[in-house]
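Engineer: sequence and predicted structure are below.
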Amino acid sequence: MTDMLAYVRTEDAPRLPPPGRVSGPVAWAKENLFPTPFSGLATVVLGALFLYILWTLFRWAVIDAAWTGADREVCSVEGAGACWPFIKAKFGQWVYGLYPIAERWRVDICLVVGLLTLVPLLMPSVPYKLWNILFFLAVYPVMTFILLSGGVFGLLPVDTPSWGGLTLTLVIAVTGIVASFPLGIVLALGRQSAMPVVSLLSTVFIEVVRGVPLITVLFIATAMFPLFLPPGWKFDELLMALVGVALFSAAYMAEVVRGGLQAIPKGQHEAAKALGLSYWKMMALIVLPQALKIVIPGIVNSFISLFKDTTLVTTIGLFDLLGIVQLGFQDPKWASPQTPNTSYFTLAILYWVFCFGMSRYSIYTERRLHTGHKR
Amino acid sequence: MANAAAAQPELSNEVAVQIAGMNKWYGEFHVLRDINLTVYKGERIVICGPSGSGKSTLIRCINRLEEHQKGDIIVDGIPLTNDLKKIDEVRREVGMVFQHFNLFPHLTVLENCTLALIWVRKTPKREAEEIAMKYLKRVKIPEQAMKYPGQLSGGQQQRVAIARALCMNPRIMLFDEPTSALDPEMIKEVLEVMVDLAQSGMTMLCVTHEMGFARQVANRVIFMDQGQIVEQNAPKEFFSNPKSERTKLFLSQILH
């Protein structure tokens, strides 16, 4: 019995490579697509269905589609597919809305400058971040506002109801995102505050705004709120919509950020305090950087929803991208059964490109900020 | 208390921490009862006692991570009240090392050390980094300066935490069970750093169960139970001739 219990290793066990795995497409397919007869059958059936749908979509979008034409003639023939000439004809309007055609260069400048500011801002390796941020937050909004609304420097005044299309969507989405993020952080900190009044006000704001649909917020902002103003006061509809969207998404952002704050262990607060950091320094340097990193997926989720929710401004008479597209259907010159189909299809792709871009960027950021291991 | 002071005549009679008639409650629970303690500059005090005896809470009151409700705590001449300025002043003078290290995982080791220097003491970055490297060398891990805490072993992390506290040039160091979360192999490297610090004359209050450490460096051992200081004495006396029954029972359980 004793020789069973006592044991001394006399030589090192060999270090072996892991047991070999067959690789290559055939092995992969066998392992993942046809591991059992039932799975194999499912693969074949679902695969066939998928290919069928892909094929009909391809037939609609490419083979049966009308590619050239000047009006509905080409699109309303029997069995016609996608109506691409309509998109081509209306695309300018999709981008610029009802903005005067002669003044479209002003929108172009805003879009190009915006792109040139945003791209380096999003690339961590580009220097001068502080200047970049200052330009984006201080100079760019003013510049965009002056250029788009005009009325000064000899620019033709263009009222906000004429702004529209992708331009308007971007104006609302970017303003909403940029305003709701810091506002949401402040609300989240407020809700967790040790000061009862601050905490109560933040909580009430968050719960009230979250409990109301965005459409209602927009209606209140543009239709009801002016009724309570002193006579003669009038705010721009778009401005009210912007404020409504920003406050609405700030409430959601606050709850996302709060989730992150709760995930930070008490020890982090204690260590920061023990070093003599004040509340704001503790939050700005220790707690928020970690909390926000954790909730990047939630933050981007909010941004994506905000981007798509901008379509709701159509209900208060603003023509954002979706609004302008729908407006195009009423053009009798292009009325055909395939006009809306093609438009929505293209619209979906446009929205998807923006949202997928945000999603990929968030994944990239998450990886970049990953510092190895957990505490 | 006169007893302890008499055992260490070579100590300065300057007071580092003065706690008088201090009481603390968690809701209805009376967690610290009538604490009276005078710590002289350069003293090394080890606080031990069963879990839940209030020893961690006691040292956390000294830098106001916990608030006391009754009595006085005067740290380095600064009375601890609700005055936030005074609290910040005290925290700048008092370094703390935690059981779970509490390093900032999103910052490198070097940034962990320079953070408070730069943002609290307003030290220029270059100078702060020099100070940080000095203390990282002292805890024997200058080569890890550019790594993140998550890439270090527990012992290394705790040594960084000690260096981080030392960077602020504190007059008093608090240790809250600094070796309790460490693997046995790593306890020694942390204790070595603490012994070195004790020999340099730092005023230290350590909550620990490392009785070897207490014997080697402490000039006073305090035994706490149920929120009270039950017994205190010079380590030799404390270990060889405990007076109270509770101390005897505690020592018999931890010294095998």
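Structural biologist: Received, thanks.

Engineer: show me where the stretch 51-200 of chain B has its helices.
Structural biologist: B:55-62, B:84-93, B:109-119, B:125-138, B:154-167, B:184-199 (DSSP state H, counting those that start in this stretch).

Engineer: ok, and which of these has the densest surroundings?
Structural biologist: helix B:154-167 (a mean of 25; mean count of other CB atoms under 10 Å in any protein chain shown). Where C-beta positions appear, they are placed from N, C-alpha and C, glycine not excepted.

Engineer: pLDDT of that one, averaged?
Structural biologist: For helix B:154-167, mean pLDDT is 94.

Engineer: got it, and stretch A:40-58?
Structural biologist: 93.

Engineer: cool, and stretch A:178-194?
Structural biologist: 92.

Engineer: ok, residues contacting that stretch?
Structural biologist: Residues from elsewhere that reach stretch A:178-194 (CB atoms under 8 Å, 6 or more residues apart in numbering or on different chains): A:137, A:198-199, A:201-203, A:205-206, A:242, A:245-258, A:261, A:283, A:288, A:292, A:299, A:302, A:306.

Engineer: same thing with stretch B:196-208?
Structural biologist: B:16-17, B:39-48, B:55-56, B:58-59, B:62, B:138, B:162, B:166, B:171-180, B:194, B:213-214, B:217-218.

Engineer: repeat the analysis, applying 6 Å as the threshold.
Structural biologist: The contact list for stretch B:196-208 (CB atoms under 6 Å, 6 or more residues apart in numbering or on different chains) reads B:16, B:41-47, B:55-56, B:59, B:172-177, B:217.

Engineer: cool, stretch A:105-116 as well?
Structural biologist: Contacts of stretch A:105-116 (CB under 6 Å, 6+ apart): A:Tyr96, A:Tyr99, A:Thr144, A:Leu147, A:Thr167.

Engineer: now the helices for the stretch 1-150 of chain A?
Structural biologist: Using DSSP H, counting those that start in this stretch, the helices of the stretch 1-150 of chain A run over residues A:2-5, A:25-32, A:37-58, A:84-96, A:104-122, A:129-134, A:140-149.

Engineer: ok, so of the contacts of stretch A:105-116, who is nearest B:Val230?
Structural biologist: A:Thr144 (71.4 Å; CB to CB).

Engineer: residue contacts, that closest one?
Structural biologist: A:Cys110.

Engineer: switch the cut-off to 10 Å
Structural biologist: Contacts for A:Thr144 (CB atoms under 10 Å, 6 or more residues apart in numbering or on different chains) come out as A:Arg106, A:Val107, A:Ile109, A:Cys110, A:Leu111, A:Val113, A:Gly114, A:Thr167, A:Leu170, A:Val171, A:Val174, A:Thr175.

Engineer: ditto for A:Val209
Structural biologist: Going by CB under 10 Å, 6+ apart, the list of residues near A:Val209 reads A:Leu187, A:Val217, A:Gly244, A:Leu247, A:Phe248, A:Ser249, A:Ala250, A:Ala251, A:Tyr252, A:Ala254.

Engineer: B:Ile162 contacts B:Leu174, doesn't it?
Structural biologist: No: B:Ile162 is beyond contact range of B:Leu174, at 11.4 Å (criterion: CB atoms under 10 Å).

Engineer: the residue in the stretch 51-200 of chain B that chain A sits nearest to: how many residues sit nearby?
Structural biologist: Of all residues in the stretch 51-200 of chain B, B:Gly150 sits closest to chain A, at 3.0 Å by CB to the nearest CB. Counted with other CB atoms under 10 Å in any protein chain shown, the neighbours of B:Gly150 add up to 15.

Engineer: and if you look at B:Tyr26?
Structural biologist: Residues lying near B:Tyr26 (other CB under 10 Å) number 10.

Engineer: I'd like the distance between it and B:Asn13.
Structural biologist: 35 Å (CB to CB, to the nearest Å).

Engineer: with B:Leu115 instead?
Structural biologist: For B:Leu115 relative to B:Asn13 (CB to CB), the value is 36 Å.

Engineer: same question, B:Met146
Structural biologist: Relative to B:Asn13, and taking CB to CB, B:Met146 is found at 45 Å.

Engineer: and for A:Gly150?
Structural biologist: The gap separating A:Gly150 from B:Asn13 is 79 Å, by CB to CB.

Engineer: looking at those two, which one has more neighbours?
Structural biologist: It is A:Gly150, of A:Gly150 and B:Asn13, that has more neighbours when counted by other CB under 10 Å, with 17 against 9.

Engineer: so the more buried one sits against A:Glu103, correct?
Structural biologist: Yes: using CB under 10 Å, A:Gly150 makes contact with A:Glu103 at a distance of 7.4 Å.

Engineer: so what sits against both of those two?
Structural biologist: Common neighbours of A:Gly150 and A:Glu103 (CB under 10 Å, 6+ apart) are A:Leu156, A:Pro157, A:Val158.

Engineer: which SSE is the last one in?
Structural biologist: In this assignment (DSSP states H and E), A:Val158 forms part of neither any helix nor any strand.

Engineer: what's the closest non-adjacent residue to it?
Structural biologist: Using CB to CB, 6 or more residues apart in numbering or on different chains and skipping residues adjacent in sequence, the residue nearest A:Val158 is A:Gly150, 5.2 Å away.

Engineer: just the second one next, same as before
Structural biologist: Leaving aside its chain neighbours, A:Pro157 sits nearest to A:Gly151 (3.8 Å; criterion: CB to CB, 6+ apart).

Engineer: so where do the strands sit in the stretch 201-350 of chain A?
Structural biologist: A:319-320 (DSSP state E, counting those that start in this stretch).

Engineer: contact residues of it facing chain B?
Structural biologist: Applying CB under 10 Å from any CB of the partner chain, we find that the stretch 201-350 of chain A lies next to chain B at A:265-279, A:281-282, A:284-287, A:289-290, A:293.
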